[in-house]
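Peer 1: got a structure for you, letters missing:
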Ligand SMILES: Nc1ncnc2c1ncn2[C@@H]1O[C@H](COP(=O)(O)OP(=O)(O)OP(=O)(O)O)[C@@H](O)[C@H]1O
């Protein structure tokens with residue numbers, strides 16, 4: 001079986017509003033990035049601020065178009081598929097962001113938030129929607145469900161909100177999840193619970209993930225493989241343990257030494 005998702009020689013340039021002497025070609029956020037992700041795999045993407053991590057996630061989610069190259073999902077080219085197939089892919093590839101509060105509608109209850117994707121994708125029967133929302137809330141381990149279902153975002157903690165965001169992302173049974181710094185805004189004490197949940201979803205549903213982070217300790221807990229992005233290019237990729245224990249590229253080595261607590265304190269963080 002081929003890979004579930006493949007990035008093929010992706011380059012992304014953003015236009016700049018101030019081209020230097022009229023010759024500027026913009027910001028090159030990604031250059032010639034190729035990456036292949038197997039079904040069921042969790043791949044970590046690390047790199048410093050501005051290295052292109054979010055851009056890569058946005059291209060997978062079809063929020064941004066690559067300037068060159070293309071994305072293959074389940075054997076189909078995202079840029080040339082039919083409208084119908086693209087809609088299916090939007091269902092199959094979901095996302096979780098850093099700040100759950102920002103992505104929630106403030107006047108939506110938990111129920112409305114999780115039911116919204118179902119309604120958008122044509123679910124009409126109230127009882128079916130209710131059943132699916134309750135089932136999904138149980139999957140993200142918010143129980144008893146009745147305690148949460150009618151609450152508004154401002155009545156929930158950061159960790160609870162992130163669980164709701166994950167519930168909203170998995171309610172349509174996607175095959176691929178882009179998680180962009182999903183725990184970095186949360187209190188250290190609740191990060192482990194969210195990471196454990198992501199791992200569990202991966203185990204139970206074979207949910208494939210791209211986990212974007214600058215925090216190597218969470219990556220080492222969660223990811224099977226690790227890709228290191230530096231100035232828009234993947235400079236190193238391999239099994240997480242191998243990359244962390246014997247980094248080959250000078251940038252990966254620098255990244256590791258910049259974290260004084262690693263690896264001794266790993267268990268404290270995750
Ligand atoms: N919409 C945009 N328009 C113009 N330039 C952009 C846009 N989005 C990102 N960039 C630029 O592209 C480069 C890569 O940004 P990106 O956000 O992908 O990096 P990142 O690794 O996710 O950073 P961070 O960790 O800070 O989120 C940066 O130089 C950034 O300024």
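Peer 2: Alright, I've got the coordinates. All values derive from a computational prediction rather than experimental measurement.

Peer 1: Listing request: residues of the protein with sub-threshold pLDDT.
Peer 2: Low-confidence segments of the chain (pLDDT under 70): 17-25, 259-270.

Peer 1: mind listing the helices in it by residue range?
Peer 2: Assigned helices in the chain, in chain order: 53-60, 83-92, 110-120, 126-139, 158-170, 188-205, 216-222, 240-245, 250-257, 266-269 (criterion: DSSP state H).

Peer 1: Tell me how far the fifth one lies from the chain's centre.
Peer 2: Same thing as helix 158-170. Centre-to-centre, helix 158-170 and its host chain are 13 Å apart (C-alpha atoms, centre = their mean, to the nearest Å).

Peer 1: returning to that earlier point: relative to the ligand, which of the helices of the chain is closest?
Peer 2: Closest approach to the ligand among the helices of the chain (C-beta to the nearest ligand atom): helix 53-60, 3.2 Å. (Each C-beta comes from the backbone N, C-alpha and C, glycine too.)

Peer 1: can I get the helices of the chain in CSV with distance to residue 147 and mean neighbour count?
Peer 2: Shown next, in CSV, are those (distance: least, C-beta to C-beta, whole Å; neighbours: other C-beta atoms under 10 Å):
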stretch, distance to residue 147, mean neighbour count
helix 53-60, 32, 23
helix 83-92, 29, 14
helix 110-120, 10, 19
helix 126-139, 10, 15
helix 158-170, 10, 23
helix 188-205, 17, 16
helix 216-222, 28, 23
helix 240-245, 36, 17
helix 250-257, 41, 15
helix 266-269, 29, 14
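
Peer 1: got these as TSV, with distance to the ligand columns?
Peer 2: TSV is the format used below for the helices of the chain (distance: least, C-beta to the nearest ligand atom, whole Å):
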stretch	distance to the ligand
helix 53-60	3
helix 83-92	20
helix 110-120	24
helix 126-139	28
helix 158-170	17
helix 188-205	17
helix 216-222	14
helix 240-245	18
helix 250-257	13
helix 266-269	18
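
Peer 1: Could you save those as TSV and add columns showing distance to residue 68?
Peer 2: Formatted as TSV, these follow (distance: least, C-beta to C-beta, whole Å):
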stretch	distance to residue 68
helix 53-60	11
helix 83-92	20
helix 110-120	32
helix 126-139	38
helix 158-170	29
helix 188-205	31
helix 216-222	28
helix 240-245	27
helix 250-257	23
helix 266-269	38
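
Peer 1: Of the ones you listed, give the one that comes closest to residue 232.
Peer 2: Closest to residue 232 of these is helix 53-60 (C-beta to C-beta; 8.2 Å).

Peer 1: neighbouring contacts of that closest one?
Peer 2: By C-beta atoms under 8 Å, 6 or more residues apart in numbering, the list of residues contacting helix 53-60 from outside reads 5, 7, 10, 12, 29-30, 33, 45-47, 64-66, 71, 93, 95, 176, 178, 180, 210, 212, 214, 229.

Peer 1: Now the buried members of the residues you listed.
Peer 2: 5, 7, 10, 12, 29-30, 33, 45-47, 64, 66, 71, 93, 95, 176, 178, 180, 210, 212, 214, 229 (16 or more other C-beta atoms under 10 Å).

Peer 1: Return the subset of those residues lying in strands.
Peer 2: Of the positions in the buried ones among the contacts of helix 53-60, 5, 7, 10, 12, 29-30, 33, 45-46, 71, 93, 95, 176, 178, 180, 210, 212, 229 sit in strands, assigned by DSSP state E.

Peer 1: what subset of those residues is also close to the ligand?
Peer 2: residue 29 (C-beta under 6 Å from any ligand atom).

Peer 1: mind checking how far residue 68 is from the ligand?
Peer 2: 15 Å (C-beta to the nearest ligand atom, to the nearest Å).

Peer 1: pretty sure that residue contacts residue 11?
Peer 2: Yes: with contact defined as C-beta atoms under 8 Å, residue 68 and residue 11 form a contacting pair (4.1 Å).
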